[in-house]
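Colleague: Return a 3D structure for these sequence lines:
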Amino acid sequence: AETGRFRVRAGRQALEFGDGMLVEDPGWSNTGLTFDAVRLTLHSGRFRVDAFTGAPDEINPEGFDKPARGERLHGLYGSIEKLIPNATLEPYLFLRRMDLRFGEGAETGQLDSRTAGFRWAGMLPQGFDYGMEMALQRGSQARQRVSAWASSWTFGYSPIHVRHHPRLFVELSRFSGDGNPRDGVHG
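Modeller: This is a model prediction of the structure:
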């Protein structure tokens, strides 16, 4: 069921959360990003939490798509409405595990990352809106440390009395990147 306090969805599905900066099916791609996953949603009043686990599907142009071997994504994505007037706060935690990833040299191993963060989005008077997302990532890739961060800030305006509802916005996104590709730390 798509409504109610408790939902379970199992099978091939797109996973999309928040603005889609970290987990989303890109609508602009020729091939979508889907997961063979189980997703549990609990919703009560102004609180909602999604718990999921799954594997992304590999595109096979000559047959049926199959889940990627050795790759898993697990997560919790929350939503709290009206804690801040006219806004939603969305905390999250994603765990990703993947086999056969290369380190900064030629070494191979597993990717084991944890990404924690939050998104805060809301409406202001006169058609203005805002959004902010910040994430911190830790873990290891091929036995080397992962230490990364990302942030995005958006300020938008939608004219109130315009027929087609255009939205003008400014966005600033900043990411840690990898300043030194030979220091053994993935940024």
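Colleague: Break down the chain into its strands, ranges please.
Modeller: Here the chain has its strands, by DSSP state E, at 6-13, 35-44, 47-58, 66-67, 71-81, 87-102, 108-123, 128-141, 144-157, 168-175, 185-186.
Colleague: of all those strands, which lies closest to residue 29?
Modeller: Closest of the strands of the chain to residue 29 is strand 47-58, at 13.0 Å (criterion: C-beta to C-beta). In short, each C-beta sits where N, CA and C put it, glycine included.
Colleague: Pull out the buried positions in that closest one.
Modeller: Buried residues in strand 47-58, counted by 16 or more other C-beta atoms under 10 Å: 48, 49, 50, 52, 54, 55, 56, 57.
Colleague: what do you get for stretch 16-25?
Modeller: Taking 16+ other C-beta under 10 Å as the criterion, stretch 16-25 shows 17, 18, 22, 23 as buried.
Colleague: Same check on stretch 32-48?
Modeller: Neighbour-count burial for stretch 32-48, counted by 16+ other C-beta under 10 Å, picks out 34, 35, 36, 37, 39, 41, 48.
Colleague: Low-confidence ranges, this protein, go.
Modeller: Counting by pLDDT under 70, the chain has low-confidence residues at 1-3, 101, 105-106.
Colleague: From the centre of this protein, give me the residue that's furthest out.
Modeller: residue 161 (33.2 Å; C-alpha atoms, centre = their mean).
Colleague: Roughly how far does it sit from residue 127?
Modeller: 9 Å (C-beta to C-beta, to the nearest Å).
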